[in-house]
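>>> Okay, sequence plus prediction incoming.
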Amino acid sequence: MERDFLEQLFRLAVDAAQPDRAIAANLPPRPAGRTIVVGAGKASAQMAAAFERAWPHPIDKGLVVTRYGYAVPCRRIEIVEAAHPVPDVAGFLAARRMMEMVSGLSHDDLVVALVSGGGSALLPQPASGLTFEDEQRVNEILLASGAPISAMNVIRNELSAIKGGRLAALAAPARVVTLVVSDIPGDDPSLVASGPTVPMAAGRAEARHLVSLHRLQLPAAAEELLASDSNPAPLPSDPRFAHNSVRVVASAALSLEAAAEGARATGIDAHIVSDAVEGEAREVARVHAALAREVRTRGRPFARPALLLSGGETTVTVRGAGRGGRNAEFLLAFAIAIDGIAGISALAADTDGIDGSGDNAGAVADGQTASRMRAAGIDPRLALADNDAYAAFNAIGGLFVTGPTGTNVNDFRAILVR
């Protein structure tokens, strides 16, 4: 029963971030000239379909890149599937075509950019001096580093020919309207998909600092570029962006509010801890577990029954050889921290339906999860040390599988304390 309740809250959160609702309420005025639609991200195909349904005017050209298995039928906008989280040639070729598509436009033309999380990997286009293989390797290093997504995207921006507003700069003097489904803690649109149409405030010096801070050993060509002044990113003050606009049309904050309202309708008091949680998944889990134990054993800071909600994006520093995304890892550490405590249950999942590279959105757990794992022959602490949360939850039927949801506002965590 607790699992059904938590899964229903997840569905409410995802429904609140569906592109149909978000796009229809944020359409730009019709241009005097052509309308070009571009986009990238895990939710971009659904955004494109929603835009086609809502836009009553002609669409002259359209190209959107999404993850393999995430395409949906569109009539006027071409959907290309490519690899995520490590880029492949399909994404590389689509990015090149997209850059050509927005070049040579006029003041009368409109570019609508449909951007969502995952677009950084789906629009690979290395800066001059880097190879495509260099960009692939940079992504692999960043994904294993434990760095927050915002830091990864600042670094990616400096090594790219399309990110950090460069795609919008190519479209000038056409007006660019960017509609964003945000998966970034804090909802900075320049960091979603590394901002192909939105320039970043952070620059080369910040990227160098982040590489040093996270002790990243990048390919030689990437290190050389970061040490130089070549491939400068356009600044937010660049006059080419003067007539552009950016709208965050869906975010973790809105989804968490929808889940909270759903819980309150059943008589359970809901509390949004934060919509911008970052940090190592297992460490964030221990903090959440401590809060849940405090509510359960002492009735503070919230009286029981209580629902604790949080969003954002945790990270995993890969140390072992196992399998499991950040939400499963969070929940495995959480299960260990509440081992044997009754009255606490939790769900952690990625709102796009895929946790890392697995087929699950996340997992569910309670105070008996760790003991069930041990009964199945799995030591949960050893599984955590090996980054093998997927196998641990799979052994006890604890995986939460949804398939692609059509949106992406990052992690969703719901902890019920009775």
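Received, thanks.

>>> List the strands paired with the longest strand along the chain, with their directions.
Counting by DSSP state E, the longest strand found in the chain is strand 269-280. Here strand 269-280 has these sheet partners by DSSP bridges: strand 306-315 (parallel).

>>> Can I get the strand it pairs with in PDB, CA atoms only?
Output in PDB follows, covering the C-alpha atoms of strand 306-315 (Å, rounded to 0.1, in the frame of the first residue of the first chain):
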ATOM      1  CA  ALA A 306       4.600  13.200   7.200                       C
ATOM      2  CA  LEU A 307       5.800  13.200   3.700                       C
ATOM      3  CA  LEU A 308       9.300  14.500   2.900                       C
ATOM      4  CA  LEU A 309       9.900  15.500  -0.700                       C
ATOM      5  CA  SER A 310      13.000  16.700  -2.500                       C
ATOM      6  CA  GLY A 311      14.400  17.100  -6.000                       C
ATOM      7  CA  GLY A 312      17.600  18.200  -7.700                       C
ATOM      8  CA  GLU A 313      20.300  16.000  -9.000                       C
ATOM      9  CA  THR A 314      22.700  13.900  -6.900                       C
ATOM     10  CA  THR A 315      25.900  12.400  -8.300                       C
END
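
>>> Report all helices and strands that the helix or strand just after the longest strand of the chain contacts.
Per DSSP states H and E, strand 269-280 leads on to helix 281-298 as the next helix or strand towards the C-terminus. In terms of contact count using 3 or more Cβ pairs under 8 Å, 6 or more residues apart in numbering; DSSP states H and E, helix 281-298 is assigned the packing partners strand 269-280, strand 306-315, helix 326-337, strand 344-350, strand 411-417. Where you see a C-beta, it was placed from the backbone N, CA and C, and this is true even at glycine.

>>> residues in contact with helix 281-298?
273, 277, 300-304, 306, 308, 310, 314-316, 326-327, 329-334, 337-338, 341, 343-344, 346, 384, 413, 415, 417 (Cβ atoms under 8 Å, 6 or more residues apart in numbering).

>>> do stretch 58-69 as well
34-45, 47-48, 52, 74, 76-84, 91, 94-95, 97-98, 101, 114, 118-119, 122-123, 354, 404.

>>> taking those residues one by one, which sit in strands?
Among those, DSSP E puts T35, I36, V37, V38, G39, A40, E78, I79, V80, E81, A82, L114 in strands.

>>> Put the buried members of those residues into a PyMOL selection.
To isolate the buried ones among the ones in strands among the contacts of stretch 58-69 in PyMOL, judged by 16 or more other Cβ atoms under 10 Å, type:
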select buried, resi 35+36+37+38+39+40+79+80+81+82+114
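
>>> re the thing from before, between the longest strand of the chain and helix 326-337, how many degrees?
Strand 269-280 runs at 110 degrees relative to helix 326-337, counting by axes from the mean of the first three to the mean of the last three Cα atoms, to 10 degrees.

>>> Quick one: distance of strand 269-280 to the chain centre.
For strand 269-280, the separation from the chain centroid amounts to 16 Å (computed by Cα atoms, centre = their mean, to the nearest Å).

>>> buried residues in it?
Buried residues in strand 269-280, defined by neighbour count with 16+ other Cβ under 10 Å: A270, H271, I272, V273, D275, A276, V277, E278, E280.

>>> and the helix or strand of the chain with the lowest mean pLDDT, what does it pack onto?
In the chain, the helix or strand scored least confidently by mean pLDDT, DSSP states H and E is helix 19-24, which has a mean of 88. With contacts taken as 3+ Cβ pairs under 8 Å, 6+ apart, helix 19-24 sits against helix 44-54, strand 175-181, strand 245-250.

>>> Domain-wise, how is the chain divided?
Structural domains assigned to the chain are 19-250, 253-417, following automatic domain parsing.

>>> Which among those is found nearest to Q8?
For the domains of the chain, proximity to Q8 was assessed by Cβ to Cβ; domain 253-417 is nearest, at 7.0 Å.

>>> Show the end-to-end separation of that closest one, please.
22 Å (Cα to Cα, to the nearest Å).

>>> So for it, mean pLDDT?
Throughout domain 253-417, pLDDT has a mean value of 95.

>>> Could you give the bridge partners of I415?
Here I415 sits in beta bridges with L308, A346, as judged by DSSP bridges.

>>> D411 too?
Beta-bridge pairing for D411 (DSSP bridges): G312, D350.

>>> distance of it from S116?
Applying Cβ to Cβ, to the nearest Å, the value for D411 to S116 is 15 Å.

>>> Looking at these two, which one has more neighbours?
S116 (32 against 27; other Cβ atoms under 10 Å).

>>> My guess is the more buried one contacts D183. True?
Yes - if you go by Cβ atoms under 8 Å, S116 and D183 touch, sitting 6.9 Å apart.
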